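> I need the structure of the sequence given here:
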Amino acid sequence: MKRILIMILPILIMAGCEPTPMSLNYSPSSILTAKGNVEVGDFTYQPAINKKVKPNQIRNTAIGCVIFEKNIDQIIKESIFKELRFVGITPQSDNLVLRGDIVEFLIDDLGFSVKWTLEIEYRITDKSKNVEVYKSVKAIHKKTDKFSNPFGTLNEVIKLNIEELIKDSDFIKTIN
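From the prediction side, this is the model:
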């Protein structure tokens, strides 16, 4: 029995890292309101740049991989665009562009609960002067039950991070 388990275990581990990519359709849901104008530019996914994960993978601690059809930087950029527009911010501007780095996106799913982390460094550049006019890191840490809805939680974690940006008075001053 041990011999069979030893032979099958590597296959199970390797198979766990090649799942069918999942589709994530972010739905904006903030109850905040805000005004202003800012173009949503590109975001970088640092864990992929640092070769910790694939560009379309969220790092997790349990066996297996969390893989999406789209790259994480694209998912975050589109989510920010949707959420800003949803709360009343015009996601276009002649001068201001919002960019950022996704510093960490982690699902710590070892144990009896799941700890979600999303940390993004946001930057606004004045294109006309080529000067950075805003910079802030927003981090969300959320703990859920092991068997909660992962897509709902993923949507919530992204929304909460974007809401931290919207609630930042310096951000609002910059885009007005």
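> and the most centrally placed residue in the chain, what is it in contact with?
With distances taken as C-alpha atoms, centre = their mean, the chain has residue 76 as the residue nearest its mean C-alpha position (4.9 Å). Going by C-beta atoms under 8 Å, 6 or more residues apart in numbering, residue 76 touches 43, 45, 102, 120, 158. For every residue, glycine as well, the C-beta is placed using N, CA and C.
> surely it is in a helix?
Yes. Secondary structure assignment places residue 76 in a helix (DSSP: H, G, I helix; E, B strand; the rest coil).
> so it versus residue 41, what's the distance?
As for residue 76, its distance to residue 41 is 12 Å (criterion: C-beta to C-beta, to the nearest Å).
> only C-alpha atoms, please: export stretch 27-37 in PDB.
Included here for stretch 27-37 are C-alpha records, laid out as PDB according to Å, rounded to 0.1, in the frame of the first residue of the first chain:
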ATOM      1  CA  SER A  27     -19.000  42.600 -10.500                       C
ATOM      2  CA  PRO A  28     -18.700  46.100  -9.000                       C
ATOM      3  CA  SER A  29     -20.600  46.400  -5.800                       C
ATOM      4  CA  SER A  30     -19.400  49.200  -3.700                       C
ATOM      5  CA  ILE A  31     -21.900  51.500  -1.900                       C
ATOM      6  CA  LEU A  32     -19.400  54.300  -1.900                       C
ATOM      7  CA  THR A  33     -19.800  57.400  -4.100                       C
ATOM      8  CA  ALA A  34     -17.100  59.600  -5.400                       C
ATOM      9  CA  LYS A  35     -16.400  62.100  -8.200                       C
ATOM     10  CA  GLY A  36     -13.300  62.800 -10.200                       C
ATOM     11  CA  ASN A  37     -11.500  61.800 -13.400                       C
END
